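Colleague: predicted model follows, preceded by the sequence.
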Amino acid sequence: MRRSVGIFGSTGSIGQNTVDLLLRQGGAEVYDVKVVTGAHNIALLAEQAKTLQADMAVTAEESLLGDLRDALSGTGIEIAAGSEALRTAAAQPLDWGMSAIVGAAGLVPTMEMAKHARTLALANKESLVCAGELLQATCAQSGCRLLPVDSEHSAIFQVMQGGTTDISRILLTASGGPFRDWTVEQMAEATLAQAVVHPNWDMGQRISIDSATMFNKALEIIEAQQLFGIGGDAIEVVVHPQSIIHSMIEYRDGSILAQMGAPDMRGAIGFALNWPERRDLPVDRLDFAALSRLDFAAPDEDRFPALRLAKQVLAAGGLSGAVFNAAKEAALDRFIDGDIGFLDMAALVEYTLSELHLEASAASSLDGLAQVLEMDGKARRTGMEWQPA
């Protein structure tokens with residue numbers, strides 16, 4: 001029997017790589033693709049829906065429903081648009097669901113898949129950052145298996161064979177982004193065009209900028225704590241420019257296990273798609289004789305304060321993660337719009353965390369998704385009101 005599949009965020013970089021793997025592994029003959037979703041790239045969304053012979057295609061943008069209808073005219077593929085359509089599409093039984101919508105916009109579909117899918121492949125780290133306890137509790141209640149797709153957390157999952165009892169440290173590797181060797185003065189003048197050029201990974205605009213600020217890694221610290229139940233003081237970041245080692249675990253006897261591979265997201269996606277089996281994947285094989293060096297360094301939290309702020313979020317608990325993510329997204333929007341500078345993004349997030357600290361730390365995602373979204377809205381408004389000194 002074919003596996004029923006849904007890809008939420010199919011037009012983004014993770015989604016496109018997921019589609020590529022599905023096609024390489026038999027396409028519609030093997031996978032019964034129930035739904036693909038995107039936002040603005042209607043031409044690609046329609047092409048994916050036709051190639052995969054999907055039952056449904058959904059755009060998050062209601063204004064683009066007519067464009068999607070025209071692109072899929074005569075195919076028999078069902079179309080829909082808007083946030084409620086995304087929620088409804090995610091609330092159907094699936095053998096395997098990919099959550100690859102970027103940002104808090106993916107929170108509601110992810111929670112619905114956690115209720116109804118047998119396996120949730122999670123690339124939307126924001127779901128764990130904003131509502132980790134609620135997501136984990138939902139998966140436990142429904143029996144949904146949660147498999148991480150971030151390369152770092154997939155690496156940890158792969159080497160964490162004996163549970164968490166004997167683990168002393170999780171070591172998350174970070175490329176350091178395009179500004180790894182820049183001074184603070186240089187970073188203050190960084191442009192949008194410079195921030196989106198990642199040295200190793202082929203990612204979308206927003207994730208590339210998050211890598212440049214290391215906010216992406218800050219989110220991953222919180223994600224690791226939520227996924228693996230390890231205390232925040234046992235999660236460390238190490239800068240590894242080559243992105244060959246995707247993350248490591250140190251056990252209490254001093255042994256360190258690392259998962260290595262070429263910097264290609266199809267490795268982590270393919271692992272989640274085929275788990276518990278391993279299948280051939282179209283990723284480059286490492287030639288150790290050709291690897292001249294592997295470098296490591298401690299991150300500079302003065303130049304990349306996002307890492308320091310993530311530790312504050314873990315210490316505060318409650319809905320501080322939701323505040324952190326929403327403020328980060330507001331800062332990112334303002335930087336992309338040219339309203340604030342590169343270094344202003346961290347200042348905006350720190351201000352927002354300070355303003356909402358008491359309210360956020362006293363709340364819990366277990367109070368419900370509505371409370372998470374309410375806190376998200378407050379943090380975005382606070383972030384949009386902040387002005388540089």
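Modeller: Happy to help now that I have it.

Colleague: just the local confidence number for Ala290, please.
Modeller: pLDDT for Ala290: 89.

Colleague: wait, a helix at it?
Modeller: No. Applying DSSP: H, G, I helix; E, B strand; the rest coil, one finds Ala290 to be coil, outside a helix.

Colleague: which strand or helix spans Thr173?
Modeller: Assessed by DSSP states H and E, Thr173 sits inside strand 167-174.

Colleague: quick one: contacts of the helix or strand following that strand?
Modeller: Next along the chain after strand 167-174, taking DSSP H and E as the criterion, comes helix 184-188. Helix 184-188 is contacted from outside by 179, 302-303, 341-343, using CB atoms under 8 Å, 6 or more residues apart in numbering. Glycine gets a C-beta too; all of them are placed from N, C-alpha and C.

Colleague: which among these count as buried?
Modeller: Buried members of the contacts of helix 184-188, counted by 16 or more other CB atoms under 10 Å: 179, 303, 341-343.

Colleague: how about the strands in the stretch 151-300 of the chain?
Modeller: For the stretch 151-300 of the chain, applying DSSP state E, counting those that start in this stretch gives strands covering 167-174, 235-239, 245-251, 256-260.

Colleague: make JSON lines from these and add distance to Leu52 and mean neighbour count to it.
Modeller: As requested, these are exported to JSON lines (distance: least, CB to CB, whole Å; neighbours: other CB atoms under 10 Å):
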{"stretch": "strand 167-174", "distance to Leu52": "33", "mean neighbour count": "21"}
{"stretch": "strand 235-239", "distance to Leu52": "37", "mean neighbour count": "19"}
{"stretch": "strand 245-251", "distance to Leu52": "28", "mean neighbour count": "22"}
{"stretch": "strand 256-260", "distance to Leu52": "29", "mean neighbour count": "16"}
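
Colleague: how about these in CSV, adding distance to Met214?
Modeller: Shown next, in CSV, are those (distance: least, CB to CB, whole Å):
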stretch, distance to Met214
strand 167-174, 7
strand 235-239, 8
strand 245-251, 15
strand 256-260, 21
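
Colleague: reformat the ones you listed as TSV; add mean pLDDT and distance to Gly106.
Modeller: As requested, the strands of the stretch 151-300 of the chain are exported to TSV (pLDDT from 0 to 100; distance: least, CB to CB, whole Å):
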stretch	mean pLDDT	distance to Gly106
strand 167-174	95	21
strand 235-239	97	23
strand 245-251	96	22
strand 256-260	95	25
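
Colleague: residues near Glu47, how many?
Modeller: Using other CB atoms under 10 Å, Glu47 has 16 other residues around it.

Colleague: which SSE is it in?
Modeller: helix 42-52.

Colleague: and that helix, how far out from the chain's middle?
Modeller: Taking CA atoms, centre = their mean, to the nearest Å, one finds helix 42-52 lying 23 Å from the centre of the chain it belongs to.

Colleague: and what of stretch 113-133?
Modeller: Here the centre of stretch 113-133 is set off from its chain's centre by 10 Å, with CA atoms, centre = their mean.

Colleague: how about Ala114: what's its closest non-neighbour residue?
Modeller: Thr138 (4.3 Å; CB to CB, 6 or more residues apart in numbering).

Colleague: how close does that neighbour get to His40?
Modeller: Per CB to CB, to the nearest Å, Thr138 is found 29 Å from His40.

Colleague: neighbour count: the two, which is higher?
Modeller: Counted by other CB under 10 Å, Thr138 and His40 do not tie: Thr138 has more neighbours, with 20 against 14.

Colleague: tell me which strands and helices the strand or helix carrying Cys130 is in contact with?
Modeller: Per DSSP H and E, Cys130 falls inside helix 126-142. Counting contacts by 3 or more CB pairs under 8 Å, 6 or more residues apart in numbering; DSSP states H and E, helix 126-142 is packed against helix 107-116, strand 145-148, helix 215-228, helix 320-336, helix 369-385.

Colleague: and the first one, what does it pack against?
Modeller: The one in question is helix 107-116. Using 3+ CB pairs under 8 Å, 6+ apart, helix 107-116 is in contact with strand 3-8, helix 83-90, strand 94-99, strand 117-122, helix 126-142, helix 369-385.

Colleague: go through those and name the closest to Val313.
Modeller: Of all the helices and strands packed on helix 107-116, it is helix 126-142 that lies closest to Val313, at 8.3 Å by CB to CB.

Colleague: just the buried residues of the closest one, please?
Modeller: 126-136, 138-139.

Colleague: can you put those in a markdown table and add distance to Ala268?
Modeller: A markdown table is the format used below for those (distance: CB to CB, whole Å):
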| residue | distance to Ala268 |
| --- | --- |
| Glu126 | 17 |
| Ser127 | 16 |
| Leu128 | 15 |
| Val129 | 18 |
| Cys130 | 21 |
| Ala131 | 22 |
| Gly132 | 19 |
| Glu133 | 24 |
| Leu134 | 24 |
| Leu135 | 19 |
| Gln136 | 20 |
| Thr138 | 23 |
| Cys139 | 19 |
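
Colleague: which of the residues you listed sits closest to Leu309?
Modeller: Once CB to CB is applied, the member of those that ends up nearest Leu309 is Val129, at 12.1 Å.

Colleague: quick check, that closest one in contact with Ile222.
Modeller: Yes. Using CB atoms under 8 Å, Val129 is in contact with Ile222, at 4.8 Å.

Colleague: what sits in contact with each of those two?
Modeller: Residues touching both Val129 and Ile222 by CB under 8 Å, 6+ apart: 321, 324.
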